[in-house]
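Engineer: no sequence for this one, just the structure:
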């Protein structure tokens, strides 16, 4: 399967504004690129790529005063297979986890495990460990939160999402990640492209998507608390502890978002 994807984003600034962009495809998907993956800037400006501590490819820029358009358009080869389903995958005891996985057991900016631990154990303590427990968490979060684009809030934490019972895909992911960590299951937040491939057309505007991965049986598995069903054509861009680590743009100063378009479509 071939997937054409990309974005067209514009910012307006009144003065030079440093930014970090998490708009590149993750290195794990780079071998699948069928066309060059190039981030274009209009007007042209200098940019610098680097790898962060989570192995994401980030881009440093300074926006000029006025409007800056940031865009990309490329084609990715995909297996066309849905997310892996491994119902027998087992949870690994904390003392036996690899050291580099332990960070995904800790609370973070948006995954406030300290506020949710007692609730998590009361809800999921009686569920079967491993895949079954993660799926129970996903089922609960999927039913707990009502999806609404108009309710997006960049400051909403997992606890807030639990209490407010509304949000967007990142809020589903944050709450599920926090619950998993409370239950000693390493979980990391993911962002990327997820088009309406293999499902009926969805009227919502296309956007970047958020989901999460858990560490079971020595490997990472994908779960999606918003959709709660295996999906086709995920293209991961970045992974981290929560949305702080994988923010599409991080601005060090004020920059007004003037345009935001994302596309992800199967091509034949």
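Structural biologist: Structure's in. What do you need? Quick caveat, the model's predicted, so the values are computed rather than measured.
Engineer: which residue is nearest the middle of the chain?
Structural biologist: Centroid-nearest residue in the chain: residue 191, 2.2 Å away (criterion: CA atoms, centre = their mean).
Engineer: contacting residues for the closest residue to it other than its chain neighbours?
Structural biologist: Distances taken as CB to CB, 6 or more residues apart in numbering put residue 246 closest to residue 191, at 4.7 Å, once the chain neighbours are dropped. No exception for glycine: its C-beta is placed from N, CA and C like everyone else's. By CB atoms under 8 Å, 6 or more residues apart in numbering, the contact list for residue 246 reads 22, 54, 56, 189, 190, 191, 237, 238, 239, 240.
Engineer: pLDDT value on residue 246, please?
Structural biologist: You'll see residue 246 listed with a pLDDT of 96.
Engineer: Okay, helices next: where are they in this structure?
Structural biologist: Remark: helices assigned in the chain by DSSP state H are 113-124, 131-144, 158-164, 169-182.
Engineer: quick one on the thing from earlier: any idea how far residue 128 is from the residue nearest to residue 191?
Structural biologist: Per CB to CB, to the nearest Å, residue 246 is found 30 Å from residue 128.
Engineer: what does residue 152 give?
Structural biologist: Separation of residue 152 from residue 128 (CB to CB): 34 Å.
Engineer: Same question for residue 31.
Structural biologist: 36 Å.
Engineer: Also residue 19?
Structural biologist: Distance from residue 19 to residue 128, by CB to CB: 45 Å.
Engineer: For those two, indicate the residue with more neighbours.
Structural biologist: Taking neighbours as other CB atoms under 10 Å, residue 19 and residue 128 compare with residue 19 leading, 20 against 13.
Engineer: how far away is the more buried one from residue 61?
Structural biologist: Taking CB to CB as the measure, residue 19 falls 5 Å from residue 61.
Engineer: Looking at the residue nearest to the centre of the chain now. What's its pLDDT?
Structural biologist: What the model reports for residue 191 is a pLDDT of 98.
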